[in-house]
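**Student:** sequence unknown, structure follows:
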């Protein structure tokens, strides 16, 4: 699998994502700086990592969504390339309009940083098909603005189209319908607040993130 | 001589109905200080900047475009522009 991990000023999980892909599925990973206008050719996966791009100035992900590399990501997404946005990456995908909704300040006003249990709501995606019959998984959460919001009409569409991929077992931040991760209608762009990149081997406390990368490799082979 | 720039102000607030947790926290603090009459606190942003041009109406069009593109997230925020 050939993957690109985007790097913005303020990204801090970019190397975690690289290591997660290299370790869990032996993927080849290139790091791509946010000022690039082109992505490497032949990509199977683009990862938008967690962190605090542009210092979270204005709104989380707002400036990153307008950066040159995101125009290239949009083109690749339209061609069907898999795009995975984790934490700040989810915020960037919402800000760029590639996913519906927005991430608000956590309802408790606190930065929530802890292991978190998730229900896999949709196992029929290219990101989750390797989870088999597993009902719940553990990953970690680390954000101040993870409170998923969508207006009533958008939320209904997200639910009706089975775009919710992960839900919190216990809601940590006020997210509507306990939503932790959603996918686009086409099924190739996924955004999630929890970190599979911090849960890809047992030494990290959980290896439940690894099947996500295995799913993506299976999708490439298939 | 170059004309002085227009002075732009852009107000950005969470839309009514979108929970403003900062507003709630500030409201609670004001109540704690004895201002019991305070209600419905909303915390927003004010952006001020200079803008080249002499036509305030054209400038408002530019500011609206800036809000739609970057300054506001219209999924959750509303905005108001002023030019002086």
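**Tutor:** Good, I have the coordinates. Bear in mind that the values here come from a model prediction, so they are computed numbers and not experimental data.
**Student:** C-alpha from now on. contacts and neighbour counts both.
**Tutor:** Noted.
**Student:** what about the residue in chain B that chain A sits nearest to, neighbour count?
**Tutor:** The minimum distance from chain B to chain A, using Cα to the nearest Cα, falls at residue B:21 (6.0 Å). Neighbourhood size, residue B:21 [other Cα atoms under 10 Å in any protein chain shown]: 18.
**Student:** isn't it right next to residue A:104, touching?
**Tutor:** No - using Cα atoms under 8 Å, residue B:21 and residue A:104 do not qualify as a contacting pair, with a distance of 9.0 Å.
**Student:** Could you pull out the helices in chain B for me?
**Tutor:** B:21-32, B:56-66 (DSSP state H).
**Student:** show me the contacts for residue A:2.
**Tutor:** A:27, A:28, A:29, A:42, A:43, A:44, A:45 (Cα atoms under 8 Å, 6 or more residues apart in numbering or on different chains).
**Student:** Closest one to chain B out of these, please.
**Tutor:** Nearest to chain B among the contacts of residue A:2, with distances taken as Cα to the nearest Cα, is residue A:45, at 26.7 Å.
**Student:** wouldn't the closest one be in contact with residue A:4 here?
**Tutor:** Yes - if you go by Cα under 8 Å, residue A:45 and residue A:4 touch, sitting 6.4 Å apart.
**Student:** Out of the two, name the residue with the larger neighbour count.
**Tutor:** residue A:45 (26 against 22).
**Student:** Mind listing the residues bridging to that one?
**Tutor:** Counting by DSSP bridges, residue A:45 is bridged to residue A:3, residue A:82.
**Student:** and for the helix or strand containing residue A:181, what are the contacting residues?
**Tutor:** For residue A:181, the element it lies in under DSSP states H and E is strand A:179-183. Strand A:179-183 is contacted from outside by A:99, A:118, A:148, A:158, A:163-168, A:189-194, using Cα under 8 Å, 6+ apart.
**Student:** Count the neighbours of residue 76 for me.
**Tutor:** In the absence of a named chain, this looks at chain A. The burial count for residue A:76: 20, using other Cα under 10 Å.
**Student:** that's the wrong chain, I wanted chain B
**Tutor:** 20.
**Student:** just residue B:36 next, same as before
**Tutor:** Residue B:36: 11 neighbours (other Cα under 10 Å).
**Student:** what's near enough to touch it?
**Tutor:** residue B:30.
**Student:** Tell me the spacing between it and residue B:28.
**Tutor:** 9 Å (Cα to Cα, to the nearest Å).
**Student:** Could you find the closest non-adjacent residue to residue A:80?
**Tutor:** residue A:188 (6.1 Å; Cα to Cα, 6 or more residues apart in numbering or on different chains).
**Student:** cool, and residue A:32?
**Tutor:** Spatial nearest neighbour of residue A:32, chain neighbours left out: residue A:6 (4.8 Å); criterion: Cα to Cα, 6+ apart.
**Student:** hang on, residue B:40 packs against residue B:27?
**Tutor:** Yes - contact criterion Cα under 8 Å: residue B:40 and residue B:27 qualify, at 7.5 Å.
**Student:** Let me see the backbone angles for the residue of chain A found nearest chain B.
**Tutor:** Nearest residue of chain A to chain B: residue A:107, at 6.0 Å (Cα to the nearest Cα). Torsion angles at residue A:107 (phi, psi; degrees, to the nearest 10) stand at phi -60, psi -30.
**Student:** And it, how far from residue A:138?
**Tutor:** From residue A:107 to residue A:138 the distance is 22 Å (Cα to Cα).
**Student:** same check, this time on residue A:191
**Tutor:** Counting by Cα to Cα, the gap from residue A:191 to residue A:138 is 17 Å.
**Student:** Of those two, which one has the most company?
**Tutor:** Counted by other Cα under 10 Å, residue A:191 and residue A:138 do not tie: residue A:191 has more neighbours, with 30 against 19.
**Student:** List the residues that contact the more buried one.
**Tutor:** Taking Cα under 8 Å, 6+ apart, we find residue A:191 in contact with A:84, A:85, A:86, A:87, A:89, A:90, A:91, A:93, A:99, A:181, A:182, A:183.
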